[in-house]
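Q: give me the fold of what follows.
(one chain, ligands or ions: 2)
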Amino acid sequence: MPISQRTQVGIVGAGPAGLVLSHLLQLEGIESLVIENRSRQYVEERVRAGVLEQGTVDLLTEMGVGQRMQREGLVHYGIELRFNGKGHRIDFKELTGGKGITIYSQHEVVKDLTNARLASGGQIFFEVENVSVHDFTSSNPKIHYRKDSQDYEMSCDFIAGCDGFHGICRPSIPEGILTTYERVYPFGWLGILAEAPPSSDELIYTYHERGFALLSMRTPHISRLYVQCDPDEDIALWPDEKIWQELETRLASDGWKLTKGPILQKGVTGMRSFVVEPMRYGRLFLAGDSAHIVPPTGAKGLNLAVADVRVLARAFKAFYATGRTELLNTYSEVCLRRVWKVQRFSWWMTSMLHRFPGENPFDHRRQLAELDYVTSSRAASQSLAENYVGLPMD
Ligand code: FAD
Ligand code: PHB
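A: Residues are numbered from 1 along each chain as shown. Ligands and ions are numbered 1, 2, ... in the order given. All right, here's what the predicted structure looks like:
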């Protein structure tokens, strides 16, 4: 017999979306339970995004989980676009009225959120199995799962599907309800984490004949670097020396030197744009990567997940305070307006900065002209800057 549990909002997934939602609800006095199929150590060590928009930083700070981020995060007020061997700075501060971004690893955000949630009596169940969601068109949806060989049935008022792209919530919605919009890119990113001081104070996005390269960082001692590769690239064919050589070639610029060091981790990530509409079915609400994926070129995935749950938490707050469902009913529409603008920006950055198989010399010239325009027109740089630091929250 399953053990019965009861909560107001059942949250599937302890990534950024699930954890931020759980916190925001706690601040409003709304109860939630989070279940996660991986171990705590696994989610706290999973290397993913690293760029936080100003709005994300402000929210984490307001929520009371920003102390370590404020201490250890690196605040940047610009990025460099490099092409034809020359760098061009996009000055966020000047172009956006003082806004910037903060470099702070996603897994550090997850650690801070998990610690704070558990410290305030919140419950996160890690390493659960056989998760399934039920009855979400009724007023009493349920989540079934198994933990330590015991079955559980969690009944709740609402389910938040924060279980990422490969989760079970989205596929549990019956066929014919969701419309999928998708583009898969014919390349991936080979990413490394290296014990080497970053060779630049700010991120460098490079367009090169051999393909895109990105210099990013995690701390003053750890660099994060990427090169465009085939989507199914075999990492075994990339010994460390070959990766450094490729980075050096693509990032080359007069008088600039790439600092190298031991490679701590390497991997290949595919690139896709993906959206489902609507982001809700009955009492099941999808948030973050479970509803949409962006290619990483705009550094938006994590930020978009946080923006979704901010809207969702506000809707739950209104429901529990007044019984009104207007904000729950407009959740999907409000989120999708931002989602599509962020999709556009991420697609645009990706298209501008990568070499596409089968492109012709016209395409190459056009991309260079676009980069020249973006870095020489105030209007164009401002458009990039306001999207990169994050569009205003609704
Ligand atoms: P997730 O972080 O995926 O969290 C979902 C959680 O649900 C996970 O912890 C997962 O284990 C859990 N889960 C899944 N299935 C179940 C289940 N059945 N039951 C219970 N729990 C479940 N974005 C950038 O901006 N820059 C980057 O460089 C970047 N790199 C990335 C690299 C990789 C390999 C990946 C996968 C993503 C990357 N992203 C990047 C995207 C960014 O990390 C995501 O957009 C962000 O994690 C979204 O947060 P989320 O909470 O919606 O989903
Ligand atoms: C990263 O630091 O991992 C990173 C930075 C910027 C991006 C993508 C990833 O656009």
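Q: need the residues of the stretch 51-200 of the chain near ligand 2, please.
A: V51 (CB under 6 Å from any ligand atom). For the C-beta atoms, the positions are set from N, CA and C on the backbone; glycine is no exception.
Q: can you pull out the strands in the stretch 51-200 of the chain?
A: 51-53, 74-76, 78-83, 86-91, 101-103, 123-125, 129-134, 142-147, 150-155, 158-161, 179-194 (DSSP state E, counting those that start in this stretch).
Q: now swap in the stretch 201-350 of the chain and tell me
A: 204-207, 213-219, 222-229, 263-277, 280-281, 284-286, 292-293.
Q: nearest to T330, out of those strands?
A: Of all the strands of the stretch 201-350 of the chain, it is strand 280-281 that lies closest to T330, at 9.9 Å by CB to CB.
Q: what lines up beside the closest one in the sheet?
A: Applying DSSP bridges to the sheet, strand 280-281 is found paired with strand 284-286 (antiparallel).
Q: quick one on the thing from earlier: deepest of the strands of the stretch 201-350 of the chain, which one?
A: Of all these, strand 284-286 carries the top mean neighbour count, a mean of 28, counting by mean count of other CB atoms under 10 Å.
Q: tabulate the strands of the stretch 51-200 of the chain (TSV), appending mean neighbour count and mean pLDDT.
A: Shown next, in TSV, are those (neighbours: other CB atoms under 10 Å; pLDDT from 0 to 100):
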stretch	mean neighbour count	mean pLDDT
strand 51-53	26	97
strand 74-76	16	97
strand 78-83	22	98
strand 86-91	16	98
strand 101-103	23	98
strand 123-125	17	95
strand 129-134	16	98
strand 142-147	18	98
strand 150-155	16	98
strand 158-161	28	98
strand 179-194	17	98
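Q: in contact with the closest residue to ligand 2 within the stretch 251-394 of the chain, which residues?
A: Across the stretch 251-394 of the chain, the shortest distance to ligand 2 (CB to the nearest ligand atom) belongs to A299, at 3.5 Å. Contact partners of A299, counting by CB atoms under 8 Å, 6 or more residues apart in numbering, are A49, G50, V51, I101, Y388.
Q: any idea how far ligand 1 is from it?
A: According to CB to the nearest ligand atom, to the nearest Å, A299 and ligand 1 sit 4 Å apart.
Q: what's the neighbour count on L113?
A: L113 has 23 neighbouring residues, counting by other CB atoms under 10 Å.
Q: tell me which of the strands of the stretch 201-350 of the chain sits nearest to ligand 1.
A: strand 263-277 (4.7 Å).
Q: thinking again about what came up before, and the strands of the stretch 51-200 of the chain: which comes nearest V65?
A: V65 sits nearest to strand 51-53 of all the strands of the stretch 51-200 of the chain, at 12.2 Å, using CB to CB.
Q: the closest one pairs with which strands?
A: Paired strands of strand 51-53, with direction, are strand 101-103 (antiparallel) (DSSP bridges).
Q: show me the longest helix that occurs in this protein.
A: The residue-count maximum for a helix in the chain (DSSP state H) belongs to helix 326-353.
Q: now do that helix: distance to the chain's middle.
A: Its chain's average C-alpha position is 13 Å from that of helix 326-353, according to CA atoms, centre = their mean, to the nearest Å.
Q: what's the helix or strand immediately after it in the chain packed up against?
A: As assigned by DSSP states H and E, the chain's next helix or strand after helix 326-353 is helix 361-376. Secondary-structure packing of helix 361-376 (3 or more CB pairs under 8 Å, 6 or more residues apart in numbering; DSSP states H and E): strand 78-83, strand 86-91, strand 204-207, helix 326-353, helix 378-389.
Q: okay, these in JSON lines with distance to T219 next?
A: What follows is the helices and strands packed on helix 361-376, written out as JSON lines (distance: least, CB to CB, whole Å):
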{"stretch": "strand 78-83", "distance to T219": "18"}
{"stretch": "strand 86-91", "distance to T219": "22"}
{"stretch": "strand 204-207", "distance to T219": "17"}
{"stretch": "helix 326-353", "distance to T219": "25"}
{"stretch": "helix 378-389", "distance to T219": "21"}
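Q: okay, the ones you listed in CSV with distance to ligand 1 next?
A: What follows is these, written out as CSV (distance: least, CB to the nearest ligand atom, whole Å):
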stretch, distance to ligand 1
strand 78-83, 14
strand 86-91, 18
strand 204-207, 13
helix 326-353, 9
helix 378-389, 11
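Q: ok, now which ones touch V12?
A: Residues in contact with V12 (CB under 8 Å, 6+ apart) are 18, 34-35, 131, 133, 143, 159-163, 167-169.
Q: so which of those residues is the closest to L190?
A: Using CB to CB, the contacts of V12 come closest to L190 at G167, 25.7 Å.
Q: so what's that closest one closest to, chain neighbours aside?
A: Distances taken as CB to CB, 6 or more residues apart in numbering put S290 closest to G167, at 5.0 Å, once the chain neighbours are dropped.
Q: burial count for that neighbour?
A: By other CB under 10 Å, neighbour count at S290 equals 29.
Q: what's the answer for E370, then?
A: With other CB under 10 Å as criterion, E370 counts 17.
Q: contacts only, for the nearest residue to it once chain neighbours are set aside.
A: Among residues not flanking E370 along the chain, M352 sits closest, at 5.3 Å (CB to CB, 6+ apart). The contact partners of M352, by CB under 8 Å, 6+ apart, come to Y207, Q367, E370, L371, V374.
Q: can you narrow these down to the ones near ligand 2?
A: Of the contacts of M352, not one also sits near ligand 2 (CB under 6 Å from any ligand atom).
Q: residue contacts, the closest residue to Q228 other than its chain neighbours?
A: Leaving out its chain neighbours, the residue that sits closest to Q228 by CB to CB, 6+ apart is G211, at 3.6 Å. Taking CB under 8 Å, 6+ apart, we find G211 in contact with F187, V227, Q228, C229, R250, H354, R355.
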